[in-house]
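Asker: just a sequence and a predicted model for now, questions to come.
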Amino acid sequence: MSQTPRPSHPVLTTTAGSPVADNQNSLSAGPRGPLLLQDVHLVEKLAHQNRERIPERVVHAKGWGAYGTLSVTGDISRFTRAKALQPGAKTDLLMRFSTVAGEAGAADAERDVRGFAIKFYTEEGNWDLVGNNTPVFFIRDPLKFPDFIRTQKRHPVTNLRSATAQWDFWSLSPESLHQITTLFSDRGLPTDVRHIDGFGSHTYSLVNEAGERVWVKFHFKSQQGHRHWTNAEAAEQVGRSRETTQEDLYAALERGEYPRWTMKIQVMTDAQADDWSERTGWNPFDLTKVWPHADFPLIEVGVLELDRNPVNYFAEIEQVAMSPANIVPGIGFSPDKMLQGRIFSYPDAQRYRLGAHYNALPVNAPRCPVHHYHKDGAMRFFEPRTVDADAYYEPNSVGGPKQAPGFAEPALALRGDADRFDHRDGNDDYTQPGNLFRLFDEGQRERLFANIAAAMRGVPEHIQRRQLAHFDKCDPAYGRGVAMALGLAEGAGSAGATGAAAEVSVA
Ligand code: HEM
């Protein structure tokens, strides 16, 4: 009797586990077809392929990720009781970096803000710090976010990105000046993500063992330093490869070159917040403002290191659900309106993008016990381990999970009438971007002017002039420099704005 040879590889099966006899030829009536509908393997393959894409993130669609750790070397226990931030703590984490505006297939070497999102798998639940490589943002009210993003995405008719829409919106939203100045500076086009800093950007809160709250900003300083491309260099890179950041990060980790960031915080007490507001007129919860380091010095917390590539990009990076709503005891929110908007937006996006049970996916699952009463729904694939079989409602008398009042945050006193307050009223949008501009040396200023002029190419002159008036209020040299680069300044010659911009060198 002839023996079936033992395969040295596993047997191919359908998703139902049935062995597949032929993965090369579909089942047909005769060699020339037609095909038979009972070829379940063919049907499954074609149907499965049709379901391999999920909606890309509505923003930050293009991303790169890696695993690592946070090691706490400092002592900030006087500010927070979060276990992951206690001296000596070491916490596993996953980071996803991204660009904001491009689609999932966008080129990496584009001028754009870089996302800097961290999921800390702490023993008290997942803490996500979903920040950027900039300390501020374009807007300060979440009601403006969908409009802002629309100007960054494609025009509904041309299906092209529209510089006119971008500068129309920005020139009508002077709160964007601080972020615009960063975006068009050298930092707006990093060569990769190992050479960028990270910021939590918002004001968050820390609560200590005694139940005392302080306001906090998180900073991550790259130990690799900073590297940037000019527009011209980036254009050359994109011509060579659209995946420069992915190539850089993946290869560095495979070589054993592990990028590191020093984690630091700035802290403000409630009393300091009142005093600072009074002195400067600035709101400590305004995402378009930084807290000056001279007034609120950086305090060292520890070291974040990335040391491992994911093994399945889709399962681990595309399916990761980063959310500012994910906080842990000892770390809390603040009144920042933008943060408040984001707390709603991310879990909502993820229920749509990944499904109701997105937090049960391996990459999102907390590395601590999870006990909740949410039930059923699509893809309820995990064990019914969250509750005892009889404890499927609460309160119950069968020993189901119960609330733990010890984790309650201290009360936060709020005051004020419920109303729609004009967030531009009396708000100084010019001093801080002006201060940033004044930090730049001659070369940095020239590149800033040229980058802005290049981005304004083709934008109607009345919009350019409206924006120039804002730059002028930040610093007359800022307004003049961009006007010269655009050919709109006195003595800049008679070249039209568009022509002059096109000739600007970004070397
Ligand atoms: C991604 C909304 C402001 C950083 C996202 C996503 C949404 C969103 C819906 C996709 C989430 C997903 O599908 O998983 C908003 C809204 C904002 C806002 C409504 C303002 C009201 C900001 C700010 C920052 C930021 C101020 C940084 C300080 C990020 C990052 C990602 C992201 C890094 C990508 C996260 C990842 O890698 O998965 N945002 N966003 N966003 N956002 Fe925001």
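Answerer: On my side now, so go ahead.

Asker: determine how far the last residue of stretch 117-134 lies from the first.
Answerer: End-to-end distance of stretch 117-134 (Cα to Cα, to the nearest Å): 12 Å.

Asker: quick check: mean pLDDT of it?
Answerer: In this model, stretch 117-134 carries a mean pLDDT of 98.

Asker: in it, what's buried?
Answerer: Residues 117-122, 124-134 are the ones in stretch 117-134 that count as buried (16 or more other Cβ atoms under 10 Å). Just so you know, the C-beta spots here come from the backbone N, C-alpha and C atoms, and that holds for glycine as well.

Asker: quick check: residues of the protein near the ligand?
Answerer: Counting by Cβ under 6 Å from any ligand atom, the positions of the chain adjacent to the ligand are 57-60, 63, 96, 98, 115, 117, 130-132, 137, 142, 145, 201, 287, 320-322, 338, 341-342, 345-346, 349-350, 353.

Asker: out of the residues you listed, which are buried?
Answerer: Going by neighbour count (16+ other Cβ under 10 Å), the residues of the chain next to the ligand have 57, 59-60, 63, 96, 98, 115, 117, 130-132, 137, 142, 145, 201, 287, 320-322, 338, 341-342, 345-346, 349-350, 353 buried.

Asker: among those residues, which lie within strands?
Answerer: 63, 96, 98, 115, 117, 130, 131, 132 (DSSP state E).

Asker: in a helix, residue 126, correct?
Answerer: No. With DSSP: H, G, I helix; E, B strand; the rest coil as the criterion, residue 126 is strand rather than part of a helix.

Asker: could you give the residue of the stretch 401-507 of the chain that lies closest to the ligand?
Answerer: The nearest approach of the stretch 401-507 of the chain to the ligand comes at residue 423, 12.6 Å away (Cβ to the nearest ligand atom).

Asker: quick one: that residue from residue 177, how far?
Answerer: To residue 177, residue 423 is 14 Å away according to Cβ to Cβ, to the nearest Å.

Asker: between these two, who's got more neighbours?
Answerer: residue 177 (27 against 16; other Cβ atoms under 10 Å).

Asker: what helix or strand does the more buried one sit in?
Answerer: helix 177-183 (DSSP states H and E).

Asker: just the CA trace of that helix, in PDB.
Answerer: Listed next in PDB are the C-alpha coordinates belonging to helix 177-183 (Å, rounded to 0.1, in the frame of the first residue of the first chain):
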ATOM      1  CA  LEU A 177       0.100  81.500  13.400                       C
ATOM      2  CA  HIS A 178       2.200  79.800  16.000                       C
ATOM      3  CA  GLN A 179       1.800  76.400  14.400                       C
ATOM      4  CA  ILE A 180       2.200  77.800  10.900                       C
ATOM      5  CA  THR A 181       5.500  79.300  11.900                       C
ATOM      6  CA  THR A 182       6.700  75.900  13.200                       C
ATOM      7  CA  LEU A 183       5.300  74.000  10.200                       C
END
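
Asker: what is the following helix or strand past it packed up against?
Answerer: Next in sequence after helix 177-183, counting helices and strands by DSSP H and E, comes strand 198-199. Applying 3 or more Cβ pairs under 8 Å, 6 or more residues apart in numbering; DSSP states H and E, one finds that strand 198-199 makes contact with strand 114-122, strand 125-132, strand 213-222.

Asker: what about the ones you listed, which gets the closest to residue 316?
Answerer: With Cβ to Cβ as the criterion, residue 316 lies closest to strand 114-122 of the helices and strands packed on strand 198-199, at 10.6 Å.

Asker: okay, angle between that closest one and strand 213-222 too, please.
Answerer: 120 degrees (axes from the mean of the first three to the mean of the last three Cα atoms, to 10 degrees).

Asker: pull the residues that contact strand 114-122.
Answerer: Here strand 114-122 makes contact (Cβ atoms under 8 Å, 6 or more residues apart in numbering) with 60, 63, 70, 82-84, 91-100, 126-133, 190, 193, 196, 198-199, 220, 304, 320, 322, 326, 328, 364, 366-368.

Asker: got the angle for it vs strand 125-132?
Answerer: With the same axes, to 10 degrees defining the directions, strand 114-122 sits at 170 degrees from strand 125-132.

Asker: tell me what whatever residue of the chain ends up closest to the ligand is bridged to.
Answerer: Nearest residue of the chain to the ligand: residue 115, at 2.7 Å (Cβ to the nearest ligand atom). Beta-bridge partners for residue 115, by DSSP bridges, are residue 98, residue 132.

Asker: any regions of the chain where pLDDT drops low?
Answerer: The chain contains residues with pLDDT under 70 at 1-7, 384-388, 491-507.

Asker: which helix in it runs the most residues?
Answerer: Assignment by DSSP state H gives helix 337-354 as the longest helix of the chain.

Asker: what helices or strands is it leaning on?
Answerer: Checked by 3+ Cβ pairs under 8 Å, 6+ apart, helix 337-354 has helix 145-152 packed alongside it.

Asker: from what I see, residue 226 and residue 195 are in contact.
Answerer: Yes. Residue 226 is in contact with residue 195 according to Cβ atoms under 8 Å; the separation is 5.3 Å.

Asker: quick one, which of those two is more surrounded?
Answerer: Applying other Cβ under 10 Å to residue 226 and residue 195 shows that residue 195 carries more neighbours, namely 17 against 14.

Asker: could you pull out the helices in the stretch 151-300 of the chain for me?
Answerer: Secondary structure of the stretch 151-300 of the chain (DSSP state H, counting those that start in this stretch): helices at 163-171, 177-183, 231-240, 244-254, 270-280.

Asker: for the stretch 401-507 of the chain, same thing?
Answerer: With DSSP H, counting those that start in this stretch as the criterion, the stretch 401-507 of the chain has helices spanning 431-439, 442-455, 461-474, 476-486, 497-503.

Asker: looking at these, spot the one closest to residue 104.
Answerer: Among these, helix 442-455 sits nearest to residue 104 (Cβ to Cβ), with 23.1 Å.

Asker: tell me the angle that closest one makes with helix 461-474.
Answerer: On the basis of the same axes, to 10 degrees, helix 442-455 is oriented at 160 degrees to helix 461-474.

Asker: tell me which residues of helix 442-455 are tucked away?
Answerer: Residues of helix 442-455 classed as buried by neighbour count (16+ other Cβ under 10 Å): 445, 446, 447, 448, 449, 450, 451, 452, 453, 454, 455.

Asker: what sits up against it?
Answerer: 111, 163, 166-167, 180-181, 184-186, 188, 230-231, 437, 440, 471, 477-478, 481-482, 484-486, 500-501, 504-506.

Asker: and the nearest residue to residue 153 once chain neighbours are set aside, what element?
Answerer: Spatially, and ignoring its direct neighbours in sequence, residue 153 is nearest to residue 101 (6.6 Å; Cβ to Cβ, 6 or more residues apart in numbering). Using DSSP H and E, residue 101 falls within no helix or strand.

Asker: over to residue 93?
Answerer: Counting by DSSP H and E, residue 93 is found in strand 90-99.

Asker: same question, residue 395
Answerer: Following DSSP H and E, there is no helix or strand that holds residue 395.

Asker: count the neighbours of it for me.
Answerer: Using other Cβ under 10 Å, residue 395 has 8 neighbouring residues.

Asker: list the contacts of the closest residue to residue 102 other than its chain neighbours.
Answerer: Sequence neighbours aside, residue 62 is the residue nearest to residue 102 in space, at 5.0 Å (criterion: Cβ to Cβ, 6+ apart). Residue 62 sits next to 98, 99, 102, 103, 104, 105, 106, 108 when contact means Cβ under 8 Å, 6+ apart.

Asker: just these now: which is nearest residue 44?
Answerer: residue 104 (25.5 Å).
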